[in-house]
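Visitor: no sequence on this one, just coordinates:
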């Protein structure tokens with residue numbers, strides 16, 4: 001896609017993010033059945049809030065499909081392909097080879113926090129250019145993240161990035177360049193070892209203990225200042241790294257699911273596609289759980305793990321101990337411990 005087309009699509013992504021934010025404006029604190037999932041999509045459980053925002057996305061998808069072909073991935077439906085029907089409407093298409101862009105959207109990442117007005121959530125939208133099949137993370141060209149705030153009347157931030165051209169943040173005062181810091185410290189910031197399900201927490205807590213002990217011994221790290229942030233929002237943790245609060249994020253749940261058969265799920269590519277590009281373009285560093293490049297296929301079902309760092313200097317110092325302690329996780333284990 002050329003620069004002019006990307007600029008047009010930046011506007012489309014921003015408009016979608018703002019429409020999703022408007023759909024959750026004035027949200028009341030949830031009680032009773034409102035805090036329980038209403039359905040299970042391809043990728044994750046959905047609440048009434050998620051379904052309302054999926055409806056916003058579906059309407060936007062139809063509007064865009066009347067103007068030109070595109071593919072869209074969401075957590076509830078997986079990939080869908082649509083384009084103009086020649087009569088002012090839209091029609092279903094058979095696959096990716098239509099010549100239009102391919103988008104991944106998580107309408108609400110961080111639903112649980114937003115439901116109870118505890119913390120903001122994020123709407124995450126990523127765009128890859130045209131292609132004949134399912135894109136991968138390396139194909140993502142544009143990203144937009146819209147903050148979904150928990151306080152009525154408050155305006156959230158927007159973050160975005162264009163591959164090779166940097167990242168930006170908007171606070172309501174116009175766009176500003178977004179750059180992660182260049183301090184290579186590991187401590188004195190949030191260092192999150194992500195665990196969602198109670199069955200996962202003992203293993204993940206042990207991993208955090210082992211890694212930070214090695215950091216203390218090898219790097220002089222102050223373990224008491226490796227602060228944990230239990231933010232149930234994978235994309236939000238990556239965005240916080242770009243914004244300067246998060247030093248390290250370790251989400252190795254995919255290894256637990258594969259080798260220890262522990263329940264609890266993992267994150268998925270639609271949770272990460274936009275946030276990874278924003279963090280990388282801001283100067284951060286994202287790796288697979290093996291330490292290699294992060295380049296996942298964009299789908300709704302594959303389990304995804306990642307290691308994210310505020311900058312390459314922090315990654316260089318922190319990564320060896322993480323990989324050393326994760327090595328046993330890569331081998332099948334007996335039992336659930």
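Guide: That came through, no problem. None of the values given here were measured: they were computed from a predicted structure. Numbers count the residues shown, from 1 in each chain.

Visitor: point out where the stretch 151-300 of the chain drops to low pLDDT.
Guide: 151-154, 257-264 (pLDDT under 70).

Visitor: repeat the analysis, applying 80 as the threshold.
Guide: The model of the stretch 151-300 of the chain has pLDDT under 80 over residues 151-155, 172-173, 257-265.

Visitor: what are the boundaries of the helices in it?
Guide: Ranges of helices in the stretch 151-300 of the chain, per DSSP state H, counting those that start in this stretch, are 201-219, 234-243, 253-259, 269-281.

Visitor: and these, which is most packed in?
Guide: Ranked by mean neighbour count under mean count of other Cβ atoms under 10 Å, the helices of the stretch 151-300 of the chain are led by helix 269-281, which reaches a mean of 28. C-beta: built from backbone N, CA, C; applies to glycine.

Visitor: and that helix with helix 234-243, angle?
Guide: 10 degrees (axes from the mean of the first three to the mean of the last three Cα atoms, to 10 degrees).

Visitor: strands of the stretch 51-200 of the chain, start to end?
Guide: Using DSSP state E, counting those that start in this stretch, the strands of the stretch 51-200 of the chain run over 70-74, 78-84, 90-92, 102-109, 121-128, 140-148, 158-162, 166-170, 175-178, 189-193.

Visitor: of the ones you listed, which is nearest residue 209?
Guide: strand 189-193 (9.3 Å; Cβ to Cβ).

Visitor: domains of this structure?
Guide: Annotated domains of the chain cover 3-178, 189-330 [automatic domain parsing].

Visitor: need the distance between the two termini of the shortest one.
Guide: So that's domain 189-330. 28 Å (Cα to Cα, to the nearest Å).

Visitor: do the first one as well
Guide: Distance between the two ends of domain 3-178: 20 Å, counting by Cα to Cα.

Visitor: thinking again about what came up before, buried deepest among the domains of the chain, which one?
Guide: Greatest burial across the domains of the chain, using mean count of other Cβ under 10 Å, falls to domain 189-330, with a mean of 20.

Visitor: make a markdown table out of the strands of the stretch 51-200 of the chain and add distance to residue 20.
Guide: Shown next, in a markdown table, are the strands of the stretch 51-200 of the chain (distance: least, Cβ to Cβ, whole Å):
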| stretch | distance to residue 20 |
| --- | --- |
| strand 70-74 | 12 |
| strand 78-84 | 17 |
| strand 90-92 | 20 |
| strand 102-109 | 6 |
| strand 121-128 | 4 |
| strand 140-148 | 6 |
| strand 158-162 | 11 |
| strand 166-170 | 16 |
| strand 175-178 | 19 |
| strand 189-193 | 25 |
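
Visitor: between those strands, which gets nearest to residue 40?
Guide: Of all these, strand 78-84 comes closest under Cβ to Cβ, at 12.8 Å.

Visitor: quick one: strands adjacent to the closest one?
Guide: With DSSP bridges as the test, strand 78-84 is paired with strand 70-74 (antiparallel), strand 90-92 (antiparallel).

Visitor: export those strands to TSV and tack on distance to residue 242 and mean pLDDT?
Guide: Output for the strands paired with strand 78-84, formatted as TSV (distance: least, Cβ to Cβ, whole Å; pLDDT from 0 to 100):
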stretch	distance to residue 242	mean pLDDT
strand 70-74	22	97
strand 90-92	35	98
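
Visitor: and these: which comes nearest residue 62?
Guide: When the strands paired with strand 78-84 are compared (using Cβ to Cβ), the closest one is strand 90-92, at 5.6 Å.

Visitor: wait, residue 215 sits on residue 226?
Guide: Yes. Assessed by Cβ atoms under 8 Å, residue 215 is found in contact with residue 226 at 7.5 Å.

Visitor: circling back to that earlier point, kindly reformat the strands paired with strand 78-84 as JSON lines containing distance to residue 104.
Guide: Below are these laid out as JSON lines (distance: least, Cβ to Cβ, whole Å):
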{"stretch": "strand 70-74", "distance to residue 104": "4"}
{"stretch": "strand 90-92", "distance to residue 104": "19"}
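
Visitor: of these, which is nearest residue 323?
Guide: strand 70-74 (29.9 Å).

Visitor: relative to strand 121-128, how tilted is the closest one?
Guide: Using the same axes, to 10 degrees, strand 70-74 lies at 150 degrees relative to strand 121-128.
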